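In: Sequence first, predicted coordinates after that:
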Amino acid sequence: MQRRDFIKLVGGVSLVAIAPSLIEGELRAADGTLFKTYNKVQLTDADGNPILASKLTKEENYVFNYPHVGTTTMLLALPKAADKEIKLVSEDGEEYIFKGGVGKESNIVAYSSICPHQLTHINKEDTFISYTKTDEKTMACDHGGVIVCGSHMSAYDPHKGCKVVGGPAPQPLATIVLEHHDDDTIWAVGVLGPDKFHDYFKSFKPEMKEQYGGKRKAKKLVKDNAQTVVLSEFTKDIIKY
């Protein structure tokens, strides 16, 4: 489907909000849309059962790999609905729009774990980046309810599309776009905002070999389903400041 035809079909309504799984390729438009489609993947638990939005524990940091086998994503059920129509700006000055969360409470969001400052990320050995609950303290921000990268104290607001609220990060974390279906299942369908996947794969070749069997295997796109677990089950050491 051509971008021109899709806009005509939906009458100018935001592309990402209507049907992200129908978009092919990457869209960079003057209306503030920056979206890249990937495989439509269902989130499942360790036994292959569908993850249900209503069963997610609020403020629990869940993890799944998407869109690549070797790129980790944070899944959160926030304590309240995520904000809508948030204008964000990339490191290059390009604007894009965060449309909000999914689920009955509009509180479920997902973000790439790759910090755009120096590519700190969640891996199987340890992580310096994770969500800080609202009642927890952090050195990076004067309040909780944020995602903090402990490497250099960048903080992001997950209610606002992971807008930078502290530290040296040059742009928000990339949003993993979700769909919530009538049967309460959750699906990942693409990436909103600029990602750091290329730099990440280039910088962590030894890690790719150790944890995923090599860079080529790590770069493969996830298909069909993505196993989703709590952060403490994914990584050996969660480091917070």
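Out: Nice, thanks for sending it over.
In: Any stretches of this protein with poor pLDDT?
Out: 1-33 (pLDDT under 70).
In: Give me the longest strand you can find in it.
Out: Longest strand of the chain, by residue count under DSSP state E: strand 34-44.
In: mind listing what the helix or strand following that one pairs with, with the direction of each?
Out: The helix or strand immediately downstream of strand 34-44 is strand 62-65, counting by DSSP states H and E. Strand 62-65 has the following strand partners under DSSP bridges: strand 72-77 (antiparallel), strand 229-230 (antiparallel).
In: picking up where we left off before, buried stuff in the longest strand of the chain?
Out: 34-39, 41-44 (16 or more other CB atoms under 10 Å). For the C-beta atoms, the positions are set from N, CA and C on the backbone; glycine is no exception.
In: in this structure, which residue is closest to the centre?
Out: In the chain, the centroid-proximal residue (CA atoms, centre = their mean) is residue 111; its distance is 1.6 Å.
In: circling back to that earlier point, out of the strands paired with strand 62-65, which one sits most buried?
Out: Mean neighbour count (mean count of other CB atoms under 10 Å) peaks for strand 72-77 among these, with a mean of 24.
In: ok, and what's touching the helix or strand following it?
Out: Going down the chain from strand 72-77, the next helix or strand is strand 86-89, by DSSP H and E. With CB atoms under 8 Å, 6 or more residues apart in numbering as the test, strand 86-89 has contacts from 32, 95-98, 100, 160-161, 163, 171-172, 193.
In: Can you give the distance from strand 86-89 to the centre of its chain?
Out: Taking CA atoms, centre = their mean, to the nearest Å, the mean C-alpha location of strand 86-89 is offset from the chain mean by 15 Å.
In: returning to that earlier point: list of residues touching the host helix or strand of the residue nearest to the centre of the chain?
Out: Counting by DSSP H and E, the element that carries residue 111 is strand 108-112. Strand 108-112 has contacts (CB under 8 Å, 6+ apart) with 53, 56, 66, 71-78, 82, 101-102, 147, 156, 158, 162, 173-178, 180, 186, 188, 191, 195-197.
In: Could you do stretch 138-147 as well?
Out: 74, 78-79, 111, 129-137, 148-150, 153-159, 162, 165-167, 173, 240-241.
In: Okay, buried residues for stretch 194-206 please.
Out: 194-197, 200-201, 204.
In: Could you list everything residue 86 pairs with in the sheet?
Out: residue 98.
In: how near is it to residue 174?
Out: Per CB to CB, to the nearest Å, residue 86 is found 14 Å from residue 174.
In: what's near enough to touch residue 223?
Out: 39, 41.
In: OK, contacts around residue 101?
Out: 78, 81-82, 107-109 are the contacts of residue 101 under CB under 8 Å, 6+ apart.
In: Make a PyMOL selection of whichever of those turn out to be buried.
Out: Selection of buried members from these for PyMOL, criterion 16+ other CB under 10 Å:
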select buried, resi 78+82+107+108+109
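In: now the contacts of residue 101 as CSV including distance to residue 48?
Out: Output for those, formatted as CSV (distance: CB to CB, whole Å):
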residue, distance to residue 48
78, 26
81, 30
82, 28
107, 25
108, 20
109, 24
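In: can you give me the helices for this protein?
Out: For the chain, helices defined by DSSP state H occupy the ranges 3-10, 15-18, 197-203, 205-212, 215-219, 231-234.
In: what's the farthest-apart pair in the buried residues of stretch 194-206?
Out: Spatially, the most separated pair among the buried residues of stretch 194-206 is 194 and 204, at 18.6 Å (CB to CB).
In: Specify the angle between the strand holding residue 111 and strand 72-77 in degrees.
Out: 160 degrees (axes from the mean of the first three to the mean of the last three CA atoms, to 10 degrees).
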